[in-house]
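>>> Build me a model from this:
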Amino acid sequence: MTADFAPFVSGTLPELLRRLARHLPEHEALVCPAFTRGGTELRLSFAALDARVDAIARGLIAAGVQPGQHVALWAATLPDWVALEFALARIGAVLVTVNTALKRAELAYLLAQSRAVAVIHTTRTGSNEASAELDALLAAEDPAVAGLKLRIWLASGPDDEPPLGVLPGGGRGALLDLEQLVARGSEPEARAALDAELARREAAVHPEDIVNIQYTSGTTGFPKGVMLRHRNVLHSGFCLGRQLETTPADRIAVMVPLFHCFGCVVCVLGAFQFGATLCLLPGFEPGAALRLIEEERCTLLHGVPTMFGAMLAHPDCGRRDTSSLRAGLAAGAPCPPALMTAIVERLGCRGMAVTYGLTEASPGVSGSSPQAPLAQRTDTIGAALPDVELRIVDPVSLRDLPPDQPGELLVRGPNVMAGYHDDPQATARAITPDGWLRTGDQCVRDADGLLRVSGRIKDIIIRGGENLAPAEIEAALREHPDVLDAAVFGVPDPRFGEEVAVAVILRDGFELDPAALAGHLKPRLAAFKIPKLWHRVSAFPLTGSGKVQKYRLREIYGARDAVTPDPAR
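Numbering: from 1, shown residues only. As a prediction, this is how the structure comes out:
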């Protein structure tokens, strides 16, 4: 291992992996412990990963995938997921990442909207029967899959049996598994021509090319396809990896899904740009995550707050040795002070930092240093990442606002997306003519340049002419010892236009007492901010990346009877 390995700052994904294979050929790139793979571990060096990527790339060329075409990947976190990310980039194709939680109608929309020519999938994706869902779409001759020319099955373990499958007009059994694809690209009579074509395509890949289409998580409506360039994702990976002072000695516990930017950009590229090792979990489970850290001596740990909370609540927390952890990133939602303190003290991850981003910014926008005071890592989302410009503006006039005044956060820099796929109107609404991305987040920036998120512009509740930020109310509720989490949303009201509603998750054994919770809020919030309608829930409707779907809460609870505090405010 080369301790002074120089990080890869810019270029393309193919260049990144080629460089790793040259400079760190025997260093571990990917690790899947035996307990995650039915008793058979897998360890791939950068040289071995590079060779696997070449083999898959030749197979994709032999199967007819062309530069610029879109290929959907619907699979859990597996070593070949990472190999496919680089193989598609190497031949100039575009990876379309698919949320493993999607149902049939959502999948149909995504395949149609992305104009995917191929889909690569496992037998199951989480609780979904992926093969059966695709069979049903294809057998019904759904127009959404009319453009599919190729279907590839990806084994999720040594004992996984390939399913029967169908392709348009192909009938039963017309399914190609990944090893058959690799074999096609390795046939002796075609190998020389395929190698030459691969070299030609790889040389033609440019940093400005679209390499990935990520579908937004759909917190406020139907997902849009975010088109990301090589330079977009490499910028985020580099900045966030450098933020944690990543080196080849680091081993990252990957417990977030690879289909999300947090996985395939922050984890994968944030590690590989510094020569670090990825330790993979096929899906998040708190006990397995703790075991992974212990067995692989992981040094970096990335996740969303709900994951850290689940790990801390697991019986193995304190029994498993997590002393190897030195730093990590918490993102996707606010990390309450008590949770951050527990991560630092009970997991021993003293350098746990926070980062803020969105898919349209590929995703990195800001972050805190692992060495920053703990209060700064809980109260703020840090400062702008290198080369990223930020503005806080009035959301209507786009006029710049002074420090400490809340407004919409605008972002400009090498991280900003190319636009939304096949949606120029949405792109024009999201990106100003001079290149500023409208995040839709309401933020405050202090005199030191540190940011605080105070809510979503689209989530803002307008009650009787007052603009209310749900995030402020949620943060105050989370301070109550009986409240595990809260999600505040607006519902129609004939008198005020909108009324404040909240769904709360309480500790086991505690009953919903709106009067007591409202009493907790009264010293903390103005009276008009205190929720009128209260719902106890066991869980929130979430996107695949763990974000609360506020529009679903409005749909589910907006017309239902709710408990109101007594006396009402």
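
>>> Look at R191 and give its secondary structure.
With DSSP: H, G, I helix; E, B strand; the rest coil as the basis, R191 sits in helix.

>>> Oops, could you answer that again for L278 instead?
The three-state assignment at L278 reads strand, by three-state DSSP.

>>> Please check which residues sit opposite it as beta-bridge partners.
Residues in a beta bridge with L278, per DSSP bridges, are L30, I252.

>>> so it makes contact with C32?
No. Using C-beta atoms under 8 Å, L278 is not in contact with C32; the gap is 9.4 Å. No exception for glycine: its C-beta is placed from N, CA and C like everyone else's.

>>> Specify which residue of those two has the higher count of neighbours.
Using other C-beta atoms under 10 Å as the criterion, L278 and C32 rank with L278 on top: 27 against 23.

>>> how close does the more buried one get to G59?
Note on L278: its distance to G59, by C-beta to C-beta, to the nearest Å, is 23 Å.

>>> How many residues are close by S186?
Neighbours of S186 under the rule other C-beta under 10 Å: 15.

>>> meant to ask about L553
Residues within reach of L553, counting by other C-beta under 10 Å, total 22.

>>> From S114, how far off is it?
On the measure of C-beta to C-beta, L553 and S114 end up 28 Å apart.

>>> With P257 instead?
18 Å.

>>> next one: S186
Taking C-beta to C-beta, one finds S186 at 29 Å from S114.

>>> and if you look at V344?
For V344, the distance to S114 - C-beta to C-beta - is 41 Å.

>>> Likewise for F496?
Using C-beta to C-beta, F496 is found at 41 Å from S114.

>>> just L228 next, same as before
Counting by C-beta to C-beta, the gap from L228 to S114 is 13 Å.

>>> got it, and G509?
In terms of C-beta to C-beta, G509 sits 46 Å off from S114.

>>> Settle it for me: which of the two has more neighbours?
Neighbours of G509 and S114, each counted by other C-beta under 10 Å, are more numerous for S114; the result is 22 against 6.

>>> Quick check: can you list the domain ranges of this protein?
Domain ranges of the chain: 46-205, 225-456, 461-557, per automatic domain parsing.

>>> Output those in a markdown table, with mean pLDDT and distance to E28 appended to each entry.
Formatted as a markdown table, the domains of the chain follow (pLDDT from 0 to 100; distance: least, C-beta to C-beta, whole Å):
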| stretch | mean pLDDT | distance to E28 |
| --- | --- | --- |
| domain 46-205 | 89 | 8 |
| domain 225-456 | 95 | 5 |
| domain 461-557 | 86 | 27 |
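
>>> These into a markdown table, with extra columns for distance to Y215?
Listed next are these as a markdown table, based on distance: least, C-beta to C-beta, whole Å:
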| stretch | distance to Y215 |
| --- | --- |
| domain 46-205 | 6 |
| domain 225-456 | 6 |
| domain 461-557 | 10 |
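
>>> returning to that earlier point: give me the common contacts of L228 and S114.
I213 (C-beta atoms under 8 Å, 6 or more residues apart in numbering).

>>> so what secondary structure elements neighbour whichever strand or helix holds D135?
In the assignment (DSSP states H and E), D135 maps to helix 130-139. Packing partners of helix 130-139 (3 or more C-beta pairs under 8 Å, 6 or more residues apart in numbering; DSSP states H and E): helix 104-114, strand 116-121, strand 150-153.

>>> can you dump the C-alpha coordinates of the second one into CSV?
Below are the C-alpha coordinates for strand 116-121, written out as CSV (Å, rounded to 0.1, in the frame of the first residue of the first chain):
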residue,chain,number,x,y,z
ALA,A,116,-33.6,2.7,-20.7
VAL,A,117,-32.5,0.2,-23.3
ALA,A,118,-31.4,-2.4,-20.8
VAL,A,119,-32.2,-3.3,-17.2
ILE,A,120,-29.8,-5.2,-14.8
HIS,A,121,-31.5,-6.6,-11.7
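
>>> contact partners of it?
By C-beta under 8 Å, 6+ apart, strand 116-121 touches 63, 65, 69-75, 84, 96, 98, 110-111, 130-131, 134, 147-154, 178.

>>> List the strands paired with it, with their directions.
strand 70-74 (parallel), strand 150-153 (parallel).

>>> and the residue nearest to V205 when sequence neighbours are not counted, how many neighbours?
Take V205 and drop its neighbours on the chain: the residue closest to it by C-beta to C-beta, 6 or more residues apart in numbering is T12, 4.9 Å away. Summarising burial for T12: neighbours were counted as other C-beta under 10 Å, giving 23.
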